[in-house]
Structures are given as C-alpha cells and as structure tokens.
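Chemist: with the input below, show me the fold.
(one chain, ligands or ions: 1)
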Amino acid sequence: MKKRTFAFLSAALMTVAMTVSCCGESQPSSDNSQADAVIANIMNRKSVRSYTNDTIPAADMEIMLRAAVAAPTGMDVRPWHLVVMTDKSKYAELFEGNFNMEKYMQAGAVVIFCADTTVTRPPRDNPNGPAVTTPNAIWRDDMGACTENFLLAAEALGYGAVWTACYPFPNNMEPIKNYLNLPGNIVPYSVVPVGRPAGDNQPKDKWNPERIHYNGF
Ligand SMILES: Cc1cc2nc3c(=O)[nH]c(=O)nc-3n(C[C@H](O)[C@H](O)[C@H](O)COP(=O)(O)O)c2cc1C
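Modeler: Here you go, the predicted model:
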C-alpha cells in the first residue's frame, strides 16, 4: 500500500475509532484484518479518469460484475442489465462527439448500467394470480448500489474506474438507447469506464463531522 494512501487510511480509521468512542464504546467493534481490508478498500476508492490501454481479463471483469449484482435491491427485483463494451471501436463509435466520454478511450472496458424500470410479478394481494407489469418506483436506488459495488470491486482488483452520469440526461441517454436498441422499459442509468490506472490517483477525504447528527438533526 502506498505511503500516502496508508496515512489517509490510518487517519480515517482513527476517526472511526474516535466516533465509536463518542457513542459509548472505547474501541472499534472490529479489529480483524478482513474488516480492515474491506474498510481500506472503501476508503481508497477514487474516481480514475485515465487508463493505460490494457485489456481486462474476463475473469476479473466477472468478479466486478458479480460484485455489482450482489447489491441490495428493493423487493429483490434486481432491475439491472449490465452491458460490457470491450470492443474499443464500438465504444468509440457509441461515444463519438460525447465530451464526457471521449476522454475515456484508453479504458479496458466501458460498462453501461441499464435498468428495467418495470416489475413483472403476481399482485401482492394475490400471490398465485397472473403476473402484472407495474412501474418500479425505486429502481434508481438499486442501480446506485449496483454501480458503487462495481467501483469497489474495481478498486479491490487494482483497477481504476469512474461513475459517469447518464440518467436522467437525455443527451447522454438517447445515443446509448439508440445504439443498443434498448426496449422502452430499459434505461441506461450510469456508464463506467474501467481500466488499469495511469498516473497517481488519490482518494478524497470527505469526512465532515458537521454532517453527522446523533439522535436528531
Ligand atoms: C451520480 C454521479 C454522477 C457522476 N458523473 C460523473 C461524470 O459524468 N463525469 C465524471 O468525470 N465524474 C462523474 N462522477 C464522479 C464524481 O465526480 C466523483 O465521484 C466526485 O468528484 C468525488 O470524487 P471521488 O469519486 O474520487 O471520491 C459522478 C459521480 C456520481 C455519483
């Protein structure tokens, strides 16, 4: 682990310990290395916007995708459809003229996180009845968790990635919908370039005690 990163992490873990102490405990509730590694991975995740041009082995990509779909999902609906673009000529074509995305052409892959905005299942009051299709009011929440899980897995495997906005911006969504020929109920939610990081990327310290409220606002 790099020195700067380690210093940042130590400070973060110390802060966690102090916070726990103000809640009545004197020690963090966990002191095992597995917990430390998980917390370190969360604290070290950062947006990475430049890549080395290396490809990503399929096995690594599968780990990231499996982590993504391990996310919590309201009513266990699992609205995600993940489109993995590994053919650079295709994603160059898709993102041609797109300011946001043109700079990510060195990424090993671009993953488009799409969501089914509907739910098809038997009615709640008649579990054995015929399935009906209704809007899913909370698909965005599921997709945020799914995208973040992917970013965390990328960090853990030594890749760099960045969450780029897609939904709800028509300029970002429409070219993807057209290129992928998405059905009307499937929406592109986020777009994540991922690859081996080029350059020195450091996590930001976002901790602000003023934003933490105990037992009231
Ligand atoms: C919903 C969402 C949309 C984002 N859209 C973009 C984007 O379009 N382009 C980009 O470069 N970064 C985008 N980001 C990344 C943020 O800029 C980044 O997370 C933020 O600056 C904090 O930095 P960090 O990820 O390194 O902690 C987005 C992040 C989120 C959560």
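Chemist: alpha carbons only for contacts and neighbour counts from here, please
Modeler: OK.
Chemist: domains in this structure, as residue ranges please.
Modeler: Following automatic domain parsing, the chain resolves into domains at 1-44, 47-198.
Chemist: worst average pLDDT in these?
Modeler: Lowest mean pLDDT within the domains of the chain: domain 1-44, at a mean of 65.
Chemist: neighbouring contacts of the longest strand anywhere in the chain?
Modeler: Secondary structure of the chain per DSSP state E: the longest strand is strand 186-195. The contact list for strand 186-195, computed with C-alpha atoms under 8 Å, 6 or more residues apart in numbering, reads 51-56, 104, 106-117, 140, 143, 147, 154, 159-168, 173, 176-177.
Chemist: give me the subset of the residues you listed touching the ligand.
Modeler: Restricting the contacts of strand 186-195 to those touching the ligand (C-alpha under 6 Å from any ligand atom) yields Val162, Trp163, Thr164, Ala165.
Chemist: which of these tops the neighbour count?
Modeler: When neighbours are taken as other C-alpha atoms under 10 Å, the top entry among those is Val162 (23 neighbours).
Chemist: that one is in contact with Arg49, isn't it?
Modeler: Yes. At 6.3 Å, Val162 counts as touching Arg49 under the criterion of C-alpha atoms under 8 Å.
Chemist: which single one of the ones next to the ligand among the contacts of strand 186-195 is nearest to Asn41?
Modeler: Closest approach to Asn41 among those (C-alpha to C-alpha): Val162, at 15.3 Å.
Chemist: contact partners for that closest one?
Modeler: When contacts are counted by C-alpha under 8 Å, 6+ apart, Val162 touches Lys46, Ser47, Val48, Arg49, Leu151, Val192, Pro193, Val194.
Chemist: need the nearest residue in space to it, chain neighbours excluded.
Modeler: Distances taken as C-alpha to C-alpha, 6 or more residues apart in numbering place Ser47 nearest to Val162, at 4.6 Å, with adjacent residues excluded.
Chemist: measure the one you found to Ala109 for me?
Modeler: 15 Å (C-alpha to C-alpha, to the nearest Å).
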